[in-house]
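Student: sequence? don't have it. structure:
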């Protein structure tokens, strides 16, 4: 199948216009075929890491440190980074190995075909929350540099990403690869200069005690800070939206393949943790001049840093350029990934595919409302609450892969995502997720008392980790697969364990798709693609249950 002649279908009738072209540009809702995955592992990794240019880390690190002190903040950042890396690794591997996004992984890893709609909404919420955060940071830069009022800056930061995100992976890969070196130079340069020329800035940073006055490192402060950092755990979903385009793993490329998967998958958090620490360092550096409220704003942090090393006329323009590049790099990813998540949920529930562009605009509208509501001023509260849901979801899926698939062998080894092959709801993941997120949210809002409040992220992770295998054992794995045979004789995987590149024609939309995207038809001696199965409103093509 070639990109030029591909025209996908929706339901039992051909799709039209933009919906047709975008489905095979992004492989929305479906497996990403080998014929499309032409990038090298390093290009995919660079593209995925380009989205890590976001400025929110600088604000998050500054906010935690200014409240709890440097020692507590650095410990919190480290704790969160370890959890994010460990849980992100199996998810990144499955995405790169089997070329499916996090929602498709979630379906077959404990949640079921409709059960994962719940987590799709969680992920979509992550994208517009962080779009709003980045948009707010850009608006602060535009206000300082160009004098634009904040409300107009919010609008500009929202509208400017629309042309970039329409074109999917091809356009995004070019944008991320070309802008990354400039961003790295502008971010790292000031830090290196300050450390080299002003050793006192390092001493002030290390000794900063925080506004709560505690000074020393304590468990409650570390866990409260880690809870905010852990709100970023869902970032692995955005990394996976790129990693699913990895080429097949072979003997010849296995070293570069694994390097790319680790770097661009769980490895994103290494750069993220460094940025959080840098954000605190710069906040402490500018604190005396701008005050605690403004010190959490990246535009103020980098303006202060550039002012120490550059002519005054260059300071503000360069800071604005850094903020704008960063915002564009991450918000095209937020808009892109969010539109995929919303489209995925809507299509499964309504069995209609309206086109991804509708949800690009919907996601941006949600983000704009949050920006206009000044979400930046209550950032830590939003992230602290949201992190409980994100942790419960990611830990549940990671545990299902590591424990239920590989150790207990109760969950199918190869991920399954096609309608008809999965039960509508799998209690393994749904119960673990709902229990973990519900109890941890209750703890966060002090329903169970003030003492337990800092431990809500720990509770979310532990409950999800324990309940996921317990539910698999209790149900004996009965609710993972509705069928064990998809009715096609051709093997799903090739000799190297990669998804098969053999193509067949979907008899509904008359287009060619690779083997993992197809299943036998219930009423015809033919095969049907996964999107046509998803949009089959009467179930004519969906295979019956069988074990």
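Tutor: Happy to help now that I have it. Computed from a prediction, not measured in an experiment: that's the story for all the values here.
Student: tell me which residues of the longest helix seen in the chain are tucked away?
Tutor: In the chain, taking DSSP state H as the definition, the longest helix is helix 312-350. By 16 or more other C-beta atoms under 10 Å, the buried positions in helix 312-350 come out as 315-316, 318-348. Where C-beta positions appear, they are placed from N, C-alpha and C, glycine not excepted.
Student: any idea how far residue 198 lies from residue 318?
Tutor: 19 Å (C-beta to C-beta, to the nearest Å).
Student: try residue 350
Tutor: 48 Å.
Student: Residue 485 too?
Tutor: 61 Å.
Student: next one: residue 425
Tutor: With C-beta to C-beta as the criterion, residue 425 and residue 318 are 52 Å apart.
Student: Spatially nearest residue to residue 485 (excluding sequence neighbours)?
Tutor: residue 546 (7.0 Å; C-beta to C-beta, 6 or more residues apart in numbering).
Student: List the contacts of the one you found.
Tutor: Each residue near residue 546 by C-beta atoms under 8 Å, 6 or more residues apart in numbering is listed here: 482, 483, 484, 485.
Student: most neighbours, which of those residues?
Tutor: Highest neighbour count within the contacts of residue 546: residue 482, with 22 neighbours (other C-beta atoms under 10 Å).
Student: My understanding was that that one contacts residue 426; is that so?
Tutor: No. Contact criterion C-beta atoms under 8 Å: residue 482 and residue 426 do not qualify, at 9.9 Å.
Student: who's in contact with stretch 432-443?
Tutor: By C-beta under 8 Å, 6+ apart, the list of residues contacting stretch 432-443 reads 110-111, 118-119, 385, 388-389, 391-393, 395-396, 399, 448, 452-453, 455-457, 459-461, 463-464, 467-468, 471.
Student: Tell me the buried residues within those residues.
Tutor: Among those, those buried by neighbour count (16+ other C-beta under 10 Å) are 110-111, 118-119, 385, 388-389, 391-393, 395-396, 399, 452-453, 455-457, 459-461, 463-464, 467-468, 471.
Student: could you redo the contacts of residue 546 as TSV and give each row distance to residue 136 and secondary structure?
Tutor: Output for these, formatted as TSV (distance: C-beta to C-beta, whole Å; DSSP: H, G, I helix; E, B strand; the rest coil):
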residue	distance to residue 136	secondary structure
482	44	coil
483	47	coil
484	49	coil
485	51	coil
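Student: follow-up on the earlier one: in helices, which of the contacts of stretch 432-443 fall?
Tutor: 118-119, 385, 388-389, 391-393, 395-396, 399, 456-457, 459-461, 463-464, 467-468, 471.
Student: How much space separates residue 432 from residue 392?
Tutor: For residue 432, the distance to residue 392 - C-beta to C-beta - is 8 Å.
Student: Residue 91 is in contact with residue 105, correct?
Tutor: Yes. Counting by C-beta under 8 Å, residue 105 does reach residue 91; the two are 6.4 Å apart.
Student: Common neighbours of the two, please.
Tutor: Counting by C-beta under 8 Å, 6+ apart, the residues touching both residue 105 and residue 91 are 240, 397, 401.
Student: what's the neighbour count on the first one?
Tutor: Residue 240 is flanked by 25 other residues according to other C-beta under 10 Å.
Student: Ignoring the adjacent residues along the chain, who's closest to it?
Tutor: residue 95 (4.1 Å).
Student: Can you give me the buried ones in the host helix or strand of the one you found?
Tutor: According to DSSP states H and E, residue 95 maps onto helix 70-98. Residues 70-77, 79-81, 83-85, 87-98 are the ones in helix 70-98 that count as buried (16+ other C-beta under 10 Å).
Student: and that helix, what does it pack onto?
Tutor: Packing partners of helix 70-98 (3 or more C-beta pairs under 8 Å, 6 or more residues apart in numbering; DSSP states H and E): helix 56-68, helix 102-106, helix 199-207, helix 219-229, helix 235-243, helix 254-264, helix 268-295, helix 379-399.
Student: With adjacent residues omitted, what lies nearest to residue 370?
Tutor: residue 132 (3.7 Å).
Student: now residue 448
Tutor: In space, residue 448 is closest to residue 442, 6.0 Å off (C-beta to C-beta, 6+ apart).
Student: Next, count neighbours for the one you found.
Tutor: 16.
Student: Next, find the distance separating it from residue 384.
Tutor: 14 Å.
Student: residue contacts, residue 30?
Tutor: Applying C-beta under 8 Å, 6+ apart, the residues near residue 30 are 23, 104, 517, 529, 530, 531.
Student: wait, residue 245
Tutor: 32, 36, 37, 39, 44, 99, 169.
Student: Give me the secondary structure label for it.
Tutor: Here residue 245 is recorded as coil under DSSP: H, G, I helix; E, B strand; the rest coil.
Student: Tell me where this protein is predicted with low confidence.
Tutor: Along the chain, the model assigns pLDDT under 70 to residues 1-28, 51, 164-179, 213-215, 375-376, 378-380, 547.
Student: shared neighbours of residue 432 and residue 392, which are they?
Tutor: In contact with both residue 432 and residue 392: 463, 464, using C-beta under 8 Å, 6+ apart.
Student: coming back round to it: burial measure for the residue nearest to residue 370, as a count.
Tutor: Neighbours of residue 132 using other C-beta under 10 Å come to 28.
Student: Compute the distance between it and residue 44, please.
Tutor: Where residue 44 is concerned, residue 132 sits at a distance of 28 Å (C-beta to C-beta).
Student: is it true that residue 150 touches residue 139?
Tutor: Yes. Counting by C-beta under 8 Å, residue 150 does reach residue 139; the two are 5.1 Å apart.
Student: higher neighbour count, the two?
Tutor: residue 139 (26 against 16).
Student: Give the full set of residues in contact with the more buried one.
Tutor: Contacts of residue 139 (C-beta under 8 Å, 6+ apart): 148, 150, 152, 153, 154, 156, 157, 371.
Student: can you give me phi and psi for it?
Tutor: phi -60, psi -40 (degrees, to the nearest 10).
Student: next one: the one 10 residues further on
Tutor: Backbone geometry at residue 149, expressed as degrees, to the nearest 10, gives phi -60, psi 150.
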